[in-house]
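*Asks:* predicted model, plus sequence, below.
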Amino acid sequence: MRNSLATLEAPLEHVRALIERATEAPSLATLASAAKLSPSHLQRAFRRRYGMSPAEYHRARRFGQFKSALRKGSAVADAVYDAGFGSGSRVYEHTNRLLGMTPASYRAGGAGAHIRYTTTSTPLGQLLVAATAKGICAVTLGASDEELQQRLADEFPKAPRERVDNGREEWLDAVIARIASELGWSDRAAPDMPPLDVAATAFQWRVWEALTRIPSGTTKSYGELAAELGKPGAARAIGQACGSNRLALIVPCHRIVREDGSAGGWRWGVERKRALLAQEEQRGASKAS
């Protein structure tokens with residue numbers, strides 16, 4: 001494998017340089033031809049080397065330029081075009097996944113948000129889901145509503161917070177329904193995931209996205225996930241990214257375990273983590289039988 005990766009180093013760097021210079025994302029076929037590799041081989045090798053596909057790398061690069069322009073005070077419209085996007089709509093297609101908040105909210109540091117939230121009982125304790133006008137900003141577990149409400153107040157001390165219940169908030173209800181469906185607490189089909197309004201670094205988003213690809217009923221170690229992202233020495237950073245996750249059960253950081261297979265810690269309690277992993281494993285076994 002080492003010789004293979006060493007052999008691919010030059011063509012992969014050539015492909016990366018082509019992407020860096022491109023205004024529009026080059027097609028996989030074009031990049032594969034330049035690297036003298038098959039498209040599928042290039043896709044696998046590029047992801048192993050850089051932790052993302054060529055198309056994802058191109059989007060991440062442009063969003064990096066976009067975020068830098070916003071931090072420097074550029075107007076959103078100017079930042080859109082300076083980063084090479086053809087229109088604002090193309091930015092918003094990927095904003096929630098790659099930026100974590102809408103551009104105006106990011107530029108303002110997330111200030112001035114009005115937060116709506118609700119709580120519900122689950123087999124793992126009380127669940128709180130909160131949203132701004134832009135998207136879901138928190139999904140947390142706790143022993144009581146009071147604990148969860150205090151945690152929300154501590155995290156967003158300057159934001160007005162309003163409790164809404166009885167099906168009055170579509171996004172909050174959708175998150176609860178999705179969690180219940182995916183964890184087997186409900187037979188109803190999972191609704192689409194609402195947009196997100198969670199600020200995070202590019203590395204944190206990469207880790208969280210990788211976590212969502214771990215199938216229910218299975219686990220990976222910090223080291224395994226670090227290697228998958230092309231960062232074999234970043235197990236500690238993976239742990240920090242998991243610890244900063246604000247979206248319990250939506251971003252399944254409970255599926256990350258220690259190198260020896262033990263559960264390790266979890267932001268919402270190791271006993272809940274063990275119970276959740278056992279439940280997912282049992283559900284997976286039932287489906288397989």
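*Replies:* Done, it's in.
*Asks:* and the helix or strand where Q282 lies, C-alpha only, in PDB?
*Replies:* If you go by DSSP states H and E, Q282 is part of helix 270-288. Written as PDB, here are the backbone C-alpha positions of helix 270-288 (Å, rounded to 0.1, in the frame of the first residue of the first chain):
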ATOM      1  CA  VAL A 270     -21.600   7.100  28.700                       C
ATOM      2  CA  GLU A 271     -24.500   5.000  30.100                       C
ATOM      3  CA  ARG A 272     -26.800   6.400  27.400                       C
ATOM      4  CA  LYS A 273     -24.100   5.700  24.800                       C
ATOM      5  CA  ARG A 274     -23.800   2.000  25.900                       C
ATOM      6  CA  ALA A 275     -27.600   1.600  25.900                       C
ATOM      7  CA  LEU A 276     -27.900   3.300  22.400                       C
ATOM      8  CA  LEU A 277     -25.100   1.100  20.900                       C
ATOM      9  CA  ALA A 278     -26.700  -2.100  22.300                       C
ATOM     10  CA  GLN A 279     -30.100  -1.100  21.000                       C
ATOM     11  CA  GLU A 280     -28.700  -0.300  17.500                       C
ATOM     12  CA  GLU A 281     -26.700  -3.600  17.500                       C
ATOM     13  CA  GLN A 282     -29.800  -5.600  18.500                       C
ATOM     14  CA  ARG A 283     -32.000  -3.800  15.900                       C
ATOM     15  CA  GLY A 284     -29.400  -4.600  13.200                       C
ATOM     16  CA  ALA A 285     -29.300  -8.200  14.200                       C
ATOM     17  CA  SER A 286     -33.100  -8.400  14.100                       C
ATOM     18  CA  LYS A 287     -33.100  -7.000  10.500                       C
ATOM     19  CA  ALA A 288     -30.500  -9.500   9.400                       C
END
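*Asks:* so what touches it?
*Replies:* With CB atoms under 8 Å, 6 or more residues apart in numbering as the test, helix 270-288 has contacts from 123-125, 141, 183-184, 215-219, 249, 254-255, 263-266. Using the backbone N, CA and C atoms, a C-beta is placed for each residue, glycine as well.
*Asks:* list buried residues within the residues you listed.
*Replies:* Among these, those buried by neighbour count (16 or more other CB atoms under 10 Å) are 124-125, 141, 183, 216-217, 219, 249, 254-255, 263-264, 266.
*Asks:* residues of stretch 179-192 that come out buried?
*Replies:* For stretch 179-192, a neighbour-count test (16+ other CB under 10 Å) marks 179-180, 182-183 as buried.
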